[in-house]
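[1] Below: sequence and its predicted model.
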Amino acid sequence: MTSAASRAATLARIVRVFAGFDLAVTGCLAVPVFAHGLIGLIFAGDAALDLGSLRMEFHPLHWLFVNLAGVLGVLWAVARLRTPTPELALLDVGGRL
């Protein structure tokens, strides 16, 4: 295997690992029952660390946007799992910045 092919395979593996992690987290946000649990866990972690954040009550519109963000995250993660190209990796990094 050439050095360029080896680098490409390593990059594809890295992209897939991060996409898999994103899929697990955003997949929870996409499903309403799991989204309630994950948001509750985030609030519990905040309280356990005594960060002092205000705990807000989520209304149905808030949950709609949580679930919508989860669905979009799942679609993006699946795109990166199916096609782990350097271009998608750069777009992902740019979006996170």
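    Great, that's in hand. Numbering: from 1, shown residues only.

[2] Compute the number of surrounding residues for Ala5.
    Using other C-beta atoms under 10 Å, Ala5 is surrounded by 9 other residues. (Glycine included, C-beta is placed from N, CA and C.)

[3] What does the pLDDT read for it?
    pLDDT, Ala5: 83.

[4] which element is it on?
    If you go by DSSP states H and E, Ala5 is part of helix 3-30.

[5] So which other helices or strands are in contact with that helix?
    The contact analysis (3 or more C-beta pairs under 8 Å, 6 or more residues apart in numbering; DSSP states H and E) places helix 3-30 against helix 32-48, helix 60-82, helix 86-96.

[6] low pLDDT regions in the chain?
    1 (pLDDT under 70).

[7] check contacts around the most centrally placed residue in the chain.
    Per C-alpha atoms, centre = their mean, the C-alpha nearest to the average position across the chain is that of Asp22, at 3.1 Å. Taking C-beta atoms under 8 Å, 6 or more residues apart in numbering, we find Asp22 in contact with 73, 76-77, 80.

[8] Now distance to Ser3 too, for the helices and strands packed on helix 3-30, in TSV please.
    Below are the helices and strands packed on helix 3-30 laid out as TSV (distance: least, C-beta to C-beta, whole Å):
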stretch	distance to Ser3
helix 32-48	41
helix 60-82	24
helix 86-96	15
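
[9] any chance of those helices in CSV, with distance to Arg7 and mean neighbour count too?
    Compiled in CSV, these are given as follows (distance: least, C-beta to C-beta, whole Å; neighbours: other C-beta atoms under 10 Å):
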stretch, distance to Arg7, mean neighbour count
helix 32-48, 35, 13
helix 60-82, 18, 15
helix 86-96, 10, 12
